[in-house]
Every structure is written in structure tokens, then in C-alpha cells.
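Colleague: coords please:
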Amino acid sequence: MQYVIDPRSGNRLSVLGFGCMRFPLDRALTERLIVEAVAAGINYFDTAYLYGNSEATLGSILQKHSLRDQVYIATKLPHRKCRRPGDFQRLFSERLERLQTDHIDYYLIHNIADLRSWWDLVGLGIEGWIAEKQANGQIGQIGFSFHGSQGAFMTMLDAYDWDFCQIQYNYMDENYQAGRDGLVKAHQKGLPVMIMEPLLGGKLATGLPVKAQRLFQELDPERSAASWALRWLWNQPEVSVVLSGMNRAEQLSDNLAAAEDAGVGMLSEDEAAVFAPVIAVLSESYRIPCTGCNYCMPCPNGVNIPACFAAYNTSYALGFFQGFQQYMTGSGASRPDTLSVASVCIKCRACEGKCPQGIEIIKSLEAVKKRMEPWWFRLALAVMRRVMS
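Modeller: The predicted structure follows:
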């Protein structure tokens, strides 16, 4: 494992961090992965209030194996739930309880998209609250995770004396949200930059079109697509910690192998050049930039929005038949009594505005419906409904 020094705190952070948003459903497997990750040198774990039972799971496993003092925990304040000054402490105390700890090493304002959100918190007195928590040691470093425009990111960097920040960044998103320019500015200000969605919700690992896979394999037939994506990030001096949501032993092993020689200059000229044609192939295949974060869920009418988008993208990346199979299984199309396909959408717009990627969800679901639900599919559904009624 390679490490970087956080210039603000002096903390020695593993370049590979464990993203805890997508833990496996199997609790025993989750426990094994966390214990093995720490043993292999991973010492940065990123979770959040909004990640379901993630905090409680992480906290109990660290406590059970006496690992708390070996790792840095990052978790997040759900700022939209802060409507009065007392909410800061109430939500923070809940984080401590779930994580079974008396302090948070890296605390983030979660999912900031614009400066107004920050000023709303300032109006409630968050600056004084942060100062108190850092003074008594309950918060180590304070930062923010970002999903918004590049201009908004630049102003957020200057709005407060932050200790670190977290951005979505990968070789497909070099000019998206904070982007490369935002990454550079944060680094110039002396902030460690934590990278989320390095694999774009897994698309850069397991969802590459065959043509893109071949481009990588021509240079190194043994290296995984995920490893290519991680190496692209570690090759940049402005990147501090790359968060990967590892929910299988093979993923952990592969990422650890990639991290062994992580560092600036790890890509040769030929390796660095291969990303341009790969990006071109991916740009043709992935029509909806969904990462599967589930922030848009649950849908009041039962549409499985991320599953619909994933199947739609697969139909372009790997072929319609494979995409349609995924649509049938992922959106419950085989169960008319619990149907969650795109055509179930009633355009209530409860999902609109929640997407960190800024996807026009209703419009995109219409595109999914048009491609993934041809006339014969709708006829089959009608027959199945009649039989079951």
C-alpha cells in the first residue's frame, strides 16, 4: 500500500480508501472485506448518514475487531436535514453512536451543490459549531463533498477555511462538476482531495463495451479495467485518496494490487494515450450518466430508476439483448404485480432535483420506455396482468 501525507493534519492516508456506500448484503462478507482491507494497509473509510445501515455496520465491525485506532473514519452531515442550530449536534451525536466512536476524523458537509446551501448553514451557526467540535477533538478535519457546477465548486473552496474536499472524478468525468480545474485549485490551496466514483458506479470496471476493453487489453491483457481507471487517477499529483466501493473479495484483491505501485508517473506515454479512444467509445455507449447512487429513490410509484437506466445503458454498450435481459430482471418486469419499469412512472417529479449528476430523470425514463418497452413487451405485460387478475 502506498500512502500520502495530508498536509493539513499530517495524517498518513492510504491512497486507496474504502467507500462504504455499497456494502454487500452478506454481513459476514462485509466483515471479512473490512478486516482484510485494514490488514492490507487501507486506513481511510468513507461512509455517510444517507448510506442506509453503512455507519452502524462499519462501527460494529471496527469495534468487534478493535480496529478503530488503526483507521480514519470519514462520514457526512446531511445538510438538508439541518433546519435549526440544534440539528448539527443531534445529527453528529447520532453519527458517533452508530459508528461506536467518540470522534470523527474527517467530517464532510454532504452533497453540496451550490454556495447558497453553505450560507444557509452559516446562518444557523455552523461555523461556531465546527470550531467548538474541532477544539474539543470530536472532529478532526472538516470538509465537503461536492455535486454541482465547476463555478460553484470554486466559490465553495473560498467560502471557508476547509481542511479537505471530496469530488466525483474519473477519466470520463474530467470536465464534469468540479473537474480537472477544480481538482487543481483545491490542491493549490493545500487541500487533500478525496475522489469518489472513480469507476463511475462500476461502469468503468464491469460495464465497458467490448471495443473499449480491447483497447486496454492490447496494452496489457492481464490488467483489469478497474485497475486502468484507478491508475489514471493516481498518476495525477493532485489526487490524494481514491475511494473504491469493494463488495467482493476479487475487487479488494485487484484494487490492492493496483495500489502497490500507485503514484505520479505510473503511466507510460502509451498507457496515458489509450484513454482518449476509450472515452470516445464510452461516450457513444452510455447515454444516461447514472452512477446508481440511489439518491432518487424510493420512487413513490415503485419505478426502479437506477435499474432502468443501467439496463438502458447496457443495451447500447453490450447489445440490446443483454440490456433487455437486465431490464427484465433489474426492474421487475417478470412480476407484473410489483412492476418497476419506466412505463410505471406517473411524472410526479418526486425524484427530480435529487440526482447528483443533474439527470433529467423524467425525460430519461421516457427514453428508456421507448427503447426498452417495444410493442410486444407491452402486449406480454398486458396478458400477464390479465392472467394474474
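Colleague: hey, let's count contacts and neighbours off CA atoms from now on
Modeller: Noted.
Colleague: Let me see the ranges of the helices in the stretch 101-250 of the chain.
Modeller: Here the stretch 101-250 of the chain has its helices, by DSSP state H, counting those that start in this stretch, at 115-123, 126-135, 150-159, 179-188, 203-206, 210-219, 225-234, 249-259.
Colleague: contacts for stretch 53-66?
Modeller: Residues outside stretch 53-66 that contact it (C-alpha atoms under 8 Å, 6 or more residues apart in numbering) are 20-21, 23, 31, 34-35, 47-49, 68, 95, 98-101.
Colleague: Now with 6 Å, please.
Modeller: Contact partners of stretch 53-66, identified using C-alpha atoms under 6 Å, 6 or more residues apart in numbering, comprise 68, 98-100.
Colleague: okay, those residues in a markdown table with secondary structure, neighbour count and pLDDT next?
Modeller: Conversion of the contacts of stretch 53-66 to a markdown table gives the following (DSSP: H, G, I helix; E, B strand; the rest coil; neighbours: other C-alpha atoms under 10 Å; pLDDT from 0 to 100):
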| residue | secondary structure | neighbour count | pLDDT |
| --- | --- | --- | --- |
| 68 | helix | 19 | 96 |
| 98 | helix | 18 | 96 |
| 99 | helix | 25 | 97 |
| 100 | coil | 18 | 96 |
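Colleague: can those residues go into TSV with extra columns for distance to residue 190?
Modeller: Formatted as TSV, the entries for those read as follows, by distance: C-alpha to C-alpha, whole Å:
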residue	distance to residue 190
68	27
98	31
99	29
100	31
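Colleague: that older thread, which of the helices of the stretch 101-250 of the chain has the lowest mean pLDDT?
Modeller: Of all those, the minimum mean pLDDT falls on helix 203-206 (a mean of 86).
Colleague: list the buried ones in that helix?
Modeller: Across helix 203-206, burial judged by 16 or more other C-alpha atoms under 10 Å covers 203-205.
Colleague: How about stretch 258-271?
Modeller: Under the neighbour-count criterion of 16+ other C-alpha under 10 Å, stretch 258-271 has 258-259, 262-263, 267 buried.
Colleague: Between which two of these is the distance greatest?
Modeller: Pairwise distances across these peak at 13.0 Å for 259 and 267 (criterion: C-alpha to C-alpha).
Colleague: if we can go back for a sec, in CSV: the buried residues of stretch 258-271, plus distance to residue 361.
Modeller: Shown next, in CSV, are the buried residues of stretch 258-271 (distance: C-alpha to C-alpha, whole Å):
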residue, distance to residue 361
258, 35
259, 36
262, 37
263, 38
267, 37
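Colleague: Could you single out the nearest of those residues to residue 228?
Modeller: Within the set of these, residue 258 lies nearest residue 228; the separation is 8.5 Å, counting by C-alpha to C-alpha.
Colleague: between the helices of the stretch 101-250 of the chain, which one is nearest to residue 42?
Modeller: The closest of the helices of the stretch 101-250 of the chain to residue 42 is helix 249-259. By C-alpha to C-alpha, the value is 8.7 Å.
Colleague: now the closest one and helix 225-234, what's the angle there?
Modeller: Angle between the axes of helix 249-259 and helix 225-234 is 40 degrees (criterion: axes from the mean of the first three to the mean of the last three C-alpha atoms, to 10 degrees).
Colleague: Identify all contacting residues around helix 249-259.
Modeller: In this structure, residues lying in contact with helix 249-259 by C-alpha under 6 Å, 6+ apart are 1, 227, 246.
Colleague: Most neighbours of all the residues you listed, which one?
Modeller: Using other C-alpha atoms under 10 Å as the neighbour test, the contacts of helix 249-259 are led by residue 246, with 24 neighbours.
Colleague: check contacts around that one.
Modeller: Going by C-alpha under 6 Å, 6+ apart, residue 246 touches residue 252.
Colleague: any idea how far it is from residue 223?
Modeller: Using C-alpha to C-alpha, to the nearest Å, we find residue 246 at a distance of 17 Å from residue 223.
Colleague: And residue 75, by the same measure?
Modeller: Plainly put, residue 75 is 32 Å away from residue 223 if you go by C-alpha to C-alpha.
Colleague: For the stretch 201-350 of the chain, just list every one of the strands.
Modeller: When assigned using DSSP state E, counting those that start in this stretch, the strands of the stretch 201-350 of the chain occupy the ranges 241-244.
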